[in-house]
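[1] Got a predicted structure here, sequence first:
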Amino acid sequence: MMQLNYPIMQQFEQDGYALVNDIYTEAEVAAIIDAIETADHSGPVFRKTKDLFAIR
């Protein structure tokens, strides 16, 4: 598991967000993309508009 370092925590405290690289492996990213692409887009748990994309 990745440990957050001081600069990341400091950026989060200062800006309210932090960019953290390399959280997922390429295989995990491929699995996430596949899950999104094969999800049922017609149900209430899938929302996609011009301003929003969310899956619960």
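    Great, that's in hand.

[2] Please enumerate the strands of this protein.
    Listed in chain order, the strands of the chain (DSSP state E) span 46-48, 53-55.

[3] Could I get the ones you listed in CSV, plus columns for distance to F12 and mean neighbour count?
    For glycine as for every other residue, the C-beta is placed from the backbone atoms N, C-alpha and C. CSV is the format used below for the strands of the chain (distance: least, Cβ to Cβ, whole Å; neighbours: other Cβ atoms under 10 Å):
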stretch, distance to F12, mean neighbour count
strand 46-48, 26, 12
strand 53-55, 22, 11
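
[4] Out of those, which is closest to D22?
    Using Cβ to Cβ as the measure, strand 53-55 is the one of these that comes nearest D22, at 22.5 Å.

[5] correct me, but I32 touches T25?
    No. Assessed by Cβ atoms under 8 Å, I32 is found out of contact with T25, at 10.6 Å.

[6] what are the ranges of the helices in this structure?
    In the chain, the helices defined using DSSP state H lie at 6-15, 26-38.

[7] Low-confidence bits of this structure, can you list those?
    1-3, 55-56 (pLDDT under 70).

[8] ok so, going back, may I see the helices of the chain organised as a markdown table, with mean neighbour count and distance to V45 added?
    Compiled in a markdown table, the helices of the chain are given as follows (neighbours: other Cβ atoms under 10 Å; distance: least, Cβ to Cβ, whole Å):
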| stretch | mean neighbour count | distance to V45 |
| --- | --- | --- |
| helix 6-15 | 11 | 28 |
| helix 26-38 | 10 | 12 |
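
[9] Any chance of the ones you listed in TSV with distance to K50 as columns?
    Converted to TSV, those look like this (distance: least, Cβ to Cβ, whole Å):
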stretch	distance to K50
helix 6-15	25
helix 26-38	18
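
[10] These: which one's closest to L52?
    Nearest to L52, of the helices of the chain and by Cβ to Cβ, is helix 26-38 at 14.1 Å.

[11] Quick check: phi and psi at T25.
    phi -80, psi 170 (degrees, to the nearest 10).
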